[in-house]
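Chemist: Return a 3D structure for these sequence lines:
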Amino acid sequence: MTRGGRGSGSRGRRLATSVRTAKGRKGASTRWLRRQLNDPYVADAARLGLRSRAAFKLIQIDDRFRILRPGARVVELGAAPGGWTQVAVERVKAKSGEGRGKGKVVAVDILPMDPVPGAVILQHDFYAPSAAPAIEEALGGRADVVLSDMAPNTTGHPETDHLRIMALAEAAHDFARSVLATGGAFVAKVLHGGSENDLIEALRHDFAEVKRVKPPASRADSAEFYVVATGFRR
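Modeler: All right, here's what the predicted structure looks like:
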């Protein structure tokens, strides 16, 4: 995996793949399949051995903000299937052996997750009171970065989906406050809808700088964007 993520093949012109609607397949399923087949990030993720196209979102965010520095201690919330974990492990050099400049990555999810070389996988509910101490023990200290690409299953009702993802982002922020070291960074996925402004104001109390970011790998028709907060104040 290289910084910048997408290989030269994805920059070239691709032929669109058509999908015939199979008997019994809903139109929404056909549209999703067509989008997947014609998405260059999906193809690049498969080619590079990344577990999800979402990995490119973190690559693009980190290319801009440089938060995943060699030697950093990283916590990822809602880590399954592990695409972001793979990026974090490489960029903080969590699998480069012992010694100076070796980072640590702790991936947390309530669901089981296949191992990622270089990362500690914790099947844990980060809401639980025991979560923060267990994570700090696995890290060997406080975190430099907390990542959250969490999103609930969508309902198709925009207002409901907005409120549900914002509840996760706010919970991730509360958790980050409990584990981050001074100067640390926080990244979380949110949806446009109104209440994201309350989260951003709360983040500005805790961090020196807060930015809204929509990486190129985020689909243009999606309401999602990311908040990137740096310079945590304890």
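Chemist: Could you tell me the model confidence score at Lys23?
Modeler: With respect to pLDDT, Lys23 scores 50.
Chemist: Sorry, slip of the keys, the one I care about is Ala94.
Modeler: Ala94 is given a pLDDT of 89.
Chemist: Against Lys93, how distant is the spatially most central residue of the chain?
Modeler: Taking C-alpha atoms, centre = their mean, the centroid of the chain lies closest to Asp149, which sits 3.5 Å from it. Distance, Asp149 to Lys93, using C-beta to C-beta, to the nearest Å: 21 Å. Any C-beta I mention is one placed from the backbone N, CA and C, and that applies to glycine too.
Chemist: same question, His157
Modeler: 43 Å.
Chemist: do Pro40 as well
Modeler: Relative to Lys93, and taking C-beta to C-beta, Pro40 is found at 28 Å.
Chemist: Name the residue in those two with the higher neighbour count.
Modeler: Lys93 (20 against 17; other C-beta atoms under 10 Å).
Chemist: Run through the neighbouring helices and strands of the longest strand seen in the chain.
Modeler: Scanning the chain for the strand with the most residues, using DSSP state E, yields strand 180-191. Contact here means 3 or more C-beta pairs under 8 Å, 6 or more residues apart in numbering; DSSP states H and E; on that basis strand 180-191 packs against helix 55-65, strand 143-148, helix 158-179, helix 196-206, strand 224-232.
Chemist: Show me what counts as buried in that strand.
Modeler: For strand 180-191, the buried set under the neighbour-count rule, 16 or more other C-beta atoms under 10 Å, comprises Leu180, Gly184, Ala185, Phe186, Val187, Ala188, Lys189, Val190, Leu191.
Chemist: go on, stretch 104-119?
Modeler: Buried residues in stretch 104-119 (16+ other C-beta under 10 Å): Lys104, Val105, Val106, Ala107, Val108, Asp109, Met113, Val116, Gly118, Ala119.
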